[in-house]
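Engineer: model the following, please.
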Amino acid sequence: MKIKPTESELEILQIIWQKGEASVREVHEQLAESKDTGYTTTLKQMQIMHTKGLLVRNEESRTHIYSAGIDEQDTQRHLLRNFVSTTFGGSSKNLVMQALGQGTPSKEELTEIRAFLDQLENKKS
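Structural biologist: Numbers count the residues shown, from 1 in each chain. Model prediction:
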């Protein structure tokens with residue numbers, strides 16, 4: 001993957017990934033719930049994302065409907081790999097230790113983490 005979405009592009013992609021597809025108005029309304037942004041800003045951003053290949057635009061109806069042009073899991077893996085590499089020197093352990101030290105995981109979260117670690121360990125055996 002050569003395309004690295006910006007923070008604001010990721011916000012839009014999150015909405016599209018969640019909904020499957022959406023119009024500019026739908027994306028703008030959801031963005032406006034958490035930040036002060038204008039409709040034309042959202043429109044322009046989505047047009048740029050379409051040009052970059054981040055979004056696919058269906059132009060069959062009067063209202064253009066957008067869907068994701070990139071896969072959510074592939075994007076997450078790519079961004080995480082880059083983040084771990086640049087921020088934690090490639091160390092997954094340092095990332096996990098930092099993440100767990102930032103808050104207090106619930107008992108349920110710790111159980112899920114243990115189960116995941118057991119699963120990883122069993123794959124390597």
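
Engineer: helices along this structure, start to end?
Structural biologist: For the chain, helices defined by DSSP state H occupy the ranges 7-19, 24-32, 39-52, 72-87, 92-101, 107-124.

Engineer: which elements pack onto the shortest one?
Structural biologist: Counting contacts by 3 or more Cβ pairs under 8 Å, 6 or more residues apart in numbering; DSSP states H and E, the secondary-structure elements packed against helix 24-32 are helix 7-19, helix 39-52. Glycine gets a C-beta too; all of them are placed from N, C-alpha and C.

Engineer: mind checking which of the ones you listed is nearest Ser91?
Structural biologist: The stretch from the helices and strands packed on helix 24-32 with the least distance to Ser91 (Cβ to Cβ) is helix 7-19; that distance is 23.8 Å.

Engineer: give the rounded mean pLDDT of that closest one.
Structural biologist: The average of the pLDDT scores along helix 7-19 is 96.

Engineer: just checking, what packs against it?
Structural biologist: Helices and strands in packing contact with helix 7-19 are listed as helix 24-32, helix 39-52, strand 55-58, strand 65-68, helix 72-87; criterion 3+ Cβ pairs under 8 Å, 6+ apart.
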